[in-house]
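Undergrad: Sequence first, then the predicted structure:
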Amino acid sequence: MSTKNEEVNRIVLAFLVQNPRPTVSDWKALIDAHRDFAADIAEISLDHGGFGAAGDHGEPDVKIDEDRFNKSVSWVLNQLHGRRSAVLDKAEEKISLVKGASVRNLAKDIGIGDYPSLLNEVLTGETIAPVRILFALERSLGIARSTMVEVFQRSFFALEVSAFKASGVKPEVRAQPRSWAESVGELSLPPEERARLLDFAKDG
Amino acid sequence: MIKPEPAHQARLQTIQAASAEEFKQWLKVSDFNDPNYIAPEVLATLVRIRFREAQGLHEVAAKALHDRVWKRITGMIGDHPEWIPAVKKENQPEFVDDAAQEFWKEFLKDDSEHPEEHIFAEVRFGPYLEGCVKDYIKHLYADKNSAVADTDVAPVEIEKGEDGTGETTSIIDNAPDEQGENWLEELLAKDQVEVILKGLPAKERLALILRGKFGYEWDIVAHNLGVSKPTAHKIYKQGKERVLRSQQ
């Protein structure tokens, strides 16, 4: 289902989350564990650990004019306050168009299958999407994963709380989105389907 | 379409899952080798996506990015003696301030013009910032009807060649390469190595990384190149010669 590049990116991403500053030995161990992707991983390793990191050596230790700097910070913040984020607006627009039948189709396209409600919860920010789902959505919707995560978080905090009419029990308002495992657990599923969906979260 | 590095994407993933306090603590890390360091490319993305604006973290990220911009421009002045006349035209704080503003104008322009893709500041921050400073210097001289300073840095010239995938060679030059890879180790200590390797034909680059850096056996190198072992040797040798020539 996923392309080779996507699979390599997923492997390297999971690796780098665990090893933010990988050594040559770390890279070699990763290649040894994924020999089918040796060439792609070796190519990516060029930018990390042992080969220098894209010519970046961190921040120089220099003194700056504090007064002038503080004034210029105000200028920057004014510039930002005066405009919307084009990348965020575009992503919100694209995600808002995924409704009804398109949710069902997208759920199938990205491997969730016949559980559009699960995808809907991801798109509204009620459920935290596993990395593999984010990769698949990135490919299908053409939105960067980091942007999607921000849109989902905003969406969650903008959700309206339903009116609570039951008596005898206390209302519960969720302060944080549900985990993928929690949301999968709430569906009535055969064991093999549950296992398949939970497998999406094995890389975080 | 340019893509951010996997390491930066991994860092974004960690930051987006972290608490506000953790994020603020990480911003204090200035040592590039510290795993908690946040690269300016990552900060650029956080500013673009208005990272947790309701919690004020977007502003925190913007301030941190601006701090990096100021410090890096100040640091760059020492590395670019050709900029000194421009720096002296203003005073240094004014030069840094104006050049930093040039960066933000370019950054916000790129942000609005490319709503569906990553921009260069999110992928290679250093070169992007340097380009902005050079543009500022050109504007500075143009505004004053003076000659434009020559602020261009000579690029590293890499000779482009054939991939060398022919299967006709029977040469297996074991001797020099089996003696060890000191030549590559020495080269890898130099800042330009990434640029040099990236300028090589793809197969030569891959052969040098797999064999020269990771020390894989020739059959593994050959398998990944999709060629025979003798040809893998030949490609490796061509790459090595090309790298050594570029160093002369």
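TA: Noted; the coordinates are in hand.

Undergrad: What residues does residue 45 make contact with?
TA: Since you didn't name a chain, this refers to chain A. A:22, A:27, A:51, B:209, B:213 (CB atoms under 8 Å, 6 or more residues apart in numbering or on different chains). (C-beta placed from N, C-alpha, C; glycine too.)

Undergrad: Sorry, I should have been clearer: chain B.
TA: So B:Thr45 contacts A:144, A:146, B:4, B:8, B:12, B:118, B:122 (CB under 8 Å, 6+ apart).

Undergrad: Neighbour-wise, give me the winner out of the residues you listed.
TA: B:Glu122 (31 neighbours; other CB atoms under 10 Å in any protein chain shown).

Undergrad: Can you get me a residue count around the residue nearest to B:Trp218 when sequence neighbours are not counted?
TA: Closest residue in space to B:Trp218, ignoring its immediate chain neighbours: B:Lys229 at 5.0 Å, by CB to CB, 6 or more residues apart in numbering or on different chains. Applying other CB under 10 Å, we find 15 residues neighbouring B:Lys229.

Undergrad: could I get the contacts of A:Ser45 as JSON lines with distance to A:Glu121, pLDDT and secondary structure?
TA: Below are the contacts of A:Ser45 laid out as JSON lines (distance: CB to CB, whole Å; pLDDT from 0 to 100; DSSP: H, G, I helix; E, B strand; the rest coil):
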{"residue": "A:Pro22", "distance to A:Glu121": "34", "pLDDT": "77", "secondary structure": "coil"}
{"residue": "A:Trp27", "distance to A:Glu121": "37", "pLDDT": "84", "secondary structure": "helix"}
{"residue": "A:Phe51", "distance to A:Glu121": "41", "pLDDT": "47", "secondary structure": "coil"}
{"residue": "B:Ile209", "distance to A:Glu121": "42", "pLDDT": "83", "secondary structure": "helix"}
{"residue": "B:Lys213", "distance to A:Glu121": "44", "pLDDT": "76", "secondary structure": "helix"}
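
Undergrad: among those, which two are most distant?
TA: A:Pro22 and B:Ile209 (14.0 Å; CB to CB).

Undergrad: Among those two, which residue is more densely surrounded?
TA: Neighbours were counted for A:Pro22 and for B:Ile209 using other CB under 10 Å; B:Ile209 has more, 27 against 20.

Undergrad: Surely the more buried one and A:Leu46 touch.
TA: Yes. Using CB atoms under 8 Å, B:Ile209 is in contact with A:Leu46, at 6.3 Å.

Undergrad: Overlap in contacts, those two.
TA: B:Leu197.

Undergrad: shaky segments in chain A?
TA: By pLDDT under 70, the weakly predicted segments of chain A are A:1-2, A:47-58, A:161-164, A:171, A:173, A:204.

Undergrad: quick one, helices of it?
TA: Per DSSP state H, chain A carries helices over the ranges A:4-18, A:24-33, A:38-45, A:66-81, A:86-96, A:101-109, A:116-123, A:131-141, A:145-158, A:180-186, A:191-198.

Undergrad: circling back to that earlier point, from B:Ile220, how far off is the residue nearest to B:Trp218?
TA: According to CB to CB, to the nearest Å, B:Lys229 stands 10 Å off from B:Ile220.

Undergrad: hmm, back to that, can you list the contacts of B:Thr45 in CSV and add distance to A:Gly125?
TA: Shown next, in CSV, are the contacts of B:Thr45 (distance: CB to CB, whole Å):
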residue, distance to A:Gly125
A:Ala144, 17
A:Ser146, 15
B:Pro4, 23
B:His8, 23
B:Leu12, 17
B:His118, 23
B:Glu122, 23
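
Undergrad: Sort those by pLDDT and name the bottom one.
TA: Lowest pLDDT of the contacts of B:Thr45: B:Pro4, 85.

Undergrad: Wait, B:Phe23 touches B:His58, no?
TA: No. Contact criterion CB under 8 Å: B:Phe23 and B:His58 do not qualify, at 11.1 Å.

Undergrad: looking at chain B, which helix or strand does the model trust least?
TA: helix B:174-178 (a mean of 42; mean pLDDT, DSSP states H and E).

Undergrad: still on that earlier bit, output the contacts of B:Thr45 as TSV; include the columns secondary structure and distance to A:Ile41.
TA: Formatted as TSV, the contacts of B:Thr45 follow (DSSP: H, G, I helix; E, B strand; the rest coil; distance: CB to CB, whole Å):
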residue	secondary structure	distance to A:Ile41
A:Ala144	coil	22
A:Ser146	helix	22
B:Pro4	coil	17
B:His8	helix	17
B:Leu12	helix	20
B:His118	coil	22
B:Glu122	helix	22
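
Undergrad: Quickly name whichever of these is closest to B:Ala54.
TA: Looking across the contacts of B:Thr45 and measuring by CB to CB, the closest to B:Ala54 is A:Ser146, at 17.1 Å.

Undergrad: For that closest one, which residues are in contact?
TA: By CB under 8 Å, 6+ apart, the contact list for A:Ser146 reads B:9, B:12-13, B:16, B:45, B:49.
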